[in-house]
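[1] Can you look at this prediction? I've put the sequence above it.
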Amino acid sequence: MAETAIFAGSGAVLFKIGENYDATGWTEANRNFVAGQAEALINTITRTNYSDSYATLNVDVQKMLEEAAACWAAIDFISYNMAGYTSRVEAEDMINILWAKFNLITDILKDQKSVTYVSGA
């Protein structure tokens, strides 16, 4: 099965999950499912359908979308299986950092003046 998620590929999500991740459940189908959910969430939060216009977006906006989707997908995978981390606290710290970054990016994307500024740069 080919990757169908647009914003964040497997490599971006794996980078966010970190080296202690237990790969149980890490399948292409699951990754596409979770990354697709992340895209829908970002589109809904920002009230902009970035999925349909992704190819025409400024590369900076594309990178922000990739970052946000990878963060959200990593949160889902870490929450699903914390077994590989040295402790639950380590896994929860990873989630908190990813959550903060996801919120920062979606706040920026919600402000259309910021998106217009970045797109015009």
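    Yes, it's here. Numbering: from 1, shown residues only.

[2] per-residue confidence at the residue most central in space within the chain?
    Taking CA atoms, centre = their mean, the centroid of the chain lies closest to residue 69, which sits 1.7 Å from it. We have a pLDDT of 95 for residue 69.

[3] so where's the protein shaky on pLDDT?
    For the chain, the stretches with pLDDT under 70 are 1-3, 115, 118-121.

[4] ok, which stretches of it are helices?
    With DSSP state H, the ranges of helices along the chain come out as 10-17, 28-46, 50-53, 59-80, 88-110, 112-120.

[5] ok so, going back, how much space between the residue nearest to the centre of the chain and residue 87?
    Distance of residue 69 to residue 87, given as CB to CB, to the nearest Å: 27 Å. All C-beta atoms are positioned from the backbone trio N, CA, C, and that covers glycine.

[6] dump the residue contacts of residue 16.
    Counting by CB atoms under 8 Å, 6 or more residues apart in numbering, residue 16 touches 70, 71, 73, 74, 98.

[7] same thing but 6 Å
    70, 71, 74 (CB atoms under 6 Å, 6 or more residues apart in numbering).

[8] these two touch, right, the first one and residue 9?
    I take that to be residue 70. No: counting by CB atoms under 6 Å, residue 70 stays clear of residue 9, with 8.5 Å between them.
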